[in-house]
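> what's the 3D shape of this:
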Amino acid sequence: MSIQSTIIPIQAETARMPEPQTRGYVLNLVRNLTPTRMESEIRRVAEAGFNLLVFPIYNNGWTLFPSEEALARRLPRINPLFKKWDPLAEAVTLAREMELAVWGLARIHDFHARYSVMEHKLLRRFPRWRMRAHPALQDSRTRLYEERHACPINYEYRQFVADLLAEAAARYPIEGLMLNYTGMGLNGGTLRNAPYCFCNHCCLLYWQTFNADLMDDAAGERLARVRQWQMEQAHEQLSYLRMRLARTRRTLRLICRATPDWRQEANYRGPNSDGSILMDWPRLLESGLVQELAVDHDGERCGAQFTARVATDFAYLGDRVLFLPMVSIHELDELRLATELQNRLPVPGIIAEFQSGFSEEDTQYIRERFFPENAELPETNPVMTAAWLLDRVRQGHPGHPIMRDLLGDILRLLSRQIPTPSDFELLEVLEENLLGLEQAIRRRRLER
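The predicted structure is shown next:
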């Protein structure tokens, strides 16, 4: 009787709950963005059936909100193109009215002109924050690269970024923050292929760690040690940002956007391979430092190979981490493969990056063809999402007493977690028991 009284409420909640599915939309930054134009775009996004707005809050050295932290460093409070209004405040207000969740997107390293609506001056103002090539490999190409990239290891720059992001998290009710690592600039492989970063700050830190010269070690037989040190420093930088954000708002979700370097070669064994960003994403995800990984579309259209690419991501990242594929949409019908993906692979949904806007007619087409029903954002309430999925499995096996009782017990335990969704100690114990059961079944240690 006690079990039934505990299970029924959570089943009643899941019965009224729409299917959990992430339907993200990246708002592209344009020079002629106005409050009226942004309101129209966000309204169409909501009417089309999306439930998540990814909004750029820091891009190419400029903020999209009036920042006191930037002003304290004698920098413009906001991108000068938008100094007469607060785009982030407007976006959050509009999204709340239209029942959209908002994640802030921060491009913190790569200041390439194609991502900007106005030339950045941050690295001109603070040249010591720039990434530097090895002196033996200085040429016109590396000098151009230096102008566009901030050093991911520089402590002063990371504090500046942390101050900006913590300020945004404290002032605006965004639910998540996506850090863009697609252009971090630190890569594995040979020195000639990736001659970065050898700025004064990196050289000093390396000397303090190993009592050795960074440039000599990289040019000699200790390049592997240099790459390993760079990876550890990049991880430490991410840990610092996570700590600062957690101190500001503990419930803020941290998502990282990463290039899928693991697809480039069949024998990929980790971040020290040629042309790979020095970030060990499976390790970072399993540690809990990053709660979710947004796998960048890497410039590829959402075509026939989309499912195979996501399957490759799943094979590399593993089944104990959460990742979310991003799709580049050139034509509306390309959404078909993206929306069908959740029925084939264990991903919470997609984030779409449209290469052009869509009209009122397109809005109706997307709604009717791809998103006919509303969907709950899984990341907003992960416990209820798990309950919804388990309850659907339980309903699918009404005549199987073992499945019915087992899932009933799990739902009962989940119902205890609902009042305190930020404390996952009980769920961690449950996870370990389920993993043990899974291994026992795979090794045929249980009866049929």
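
> end-to-end on stretch 135-151?
Stretch 135-151 has an end-to-end distance of 16 Å (criterion: CA to CA, to the nearest Å).

> What mean pLDDT does that stretch get?
The average pLDDT within stretch 135-151 is 92.

> contact partners of that stretch?
108-113, 122-123, 129-133, 157, 183, 185, 191-192, 195-199, 201-202, 215, 219 (CB atoms under 8 Å, 6 or more residues apart in numbering). Every C-beta, even on glycine, is put in place using the N, C-alpha and C of the backbone.

> From these, keep the buried residues only.
Neighbour-count burial (16 or more other CB atoms under 10 Å) applied to the contacts of stretch 135-151 gives 108-111, 122-123, 129-133, 157, 183, 185, 191, 195-199, 201-202, 215, 219.

> what's residue 133 sitting at in phi/psi?
Taking degrees, to the nearest 10, you get phi -80, psi 160 for the backbone angles of residue 133.

> Which residue, neighbours along the chain excluded, lies closest to it?
residue 142 (3.8 Å; CB to CB, 6 or more residues apart in numbering).

> and residue 141, how many residues sit next to it?
11 (other CB atoms under 10 Å).

> After the helix or strand it falls within, which helix or strand is next?
Counting by DSSP states H and E, the element that carries residue 141 is helix 140-148. With elements assigned by DSSP H and E, the helix or strand that comes after helix 140-148 is helix 155-171.

> which residues touch the following helix or strand past that next one?
Sequence-wise, the next helix or strand downstream of helix 155-171 (DSSP H and E) is strand 176-180. Taking contacts as CB under 8 Å, 6+ apart, the residues outside strand 176-180 that touch it are 54, 101-110, 165, 168-169, 238, 241, 245, 252-257, 294, 379.

> what do you get for stretch 388-406?
10-11, 14-15, 17, 19-20, 376, 407-408, 410-411, 414.

> same question for that stretch, mean pLDDT?
Mean predicted confidence for stretch 388-406 is 81.

> re the thing from before, among the contacts of stretch 135-151, which are located in helices?
Mapping these onto helices (DSSP state H) picks out 122, 123, 157, 201, 202, 215, 219.

> Strands of the stretch 151-300 of the chain, start to end?
176-180, 253-258, 292-295 (DSSP state E, counting those that start in this stretch).

> picking that back up, which parts of the helix holding residue 141 count as buried, going by neighbours?
142, 145, 146, 148.

> thinking again about what came up before, quick one: which of the contacts of stretch 388-406 is nearest residue 339?
residue 19 (11.8 Å; CB to CB).

> ok now do that closest one, which residues does it touch?
Residue 19 neighbours (CB under 8 Å, 6+ apart): 373, 375, 376, 388.

> what about residue 94, which SS state?
helix (DSSP: H, G, I helix; E, B strand; the rest coil).

> who's in contact with the closest residue in space to it that isn't next to it in sequence?
Nearest residue to residue 94, sequence neighbours excluded (CB to CB, 6+ apart): residue 42, at 4.7 Å. Residues in contact with residue 42, defined by CB under 8 Å, 6+ apart, are 27, 53, 91, 94, 95, 98, 100.

> hmm, 7 Å instead?
Counting by CB atoms under 7 Å, 6 or more residues apart in numbering, residue 42 touches 53, 91, 94, 95, 98.

> What strand or helix carries it?
helix 35-48.

> Give the rounded mean pLDDT of that helix.
Mean predicted lDDT for helix 35-48 stands at 95.

> which of the residues in that helix are buried?
38, 39, 41, 42, 43, 44, 45, 46, 48.

> could you redo those residues as a markdown table and give each row distance to residue 403?
Below are the buried residues of helix 35-48 laid out as a markdown table (distance: CB to CB, whole Å):
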| residue | distance to residue 403 |
| --- | --- |
| 38 | 49 |
| 39 | 49 |
| 41 | 46 |
| 42 | 43 |
| 43 | 44 |
| 44 | 43 |
| 45 | 39 |
| 46 | 38 |
| 48 | 37 |
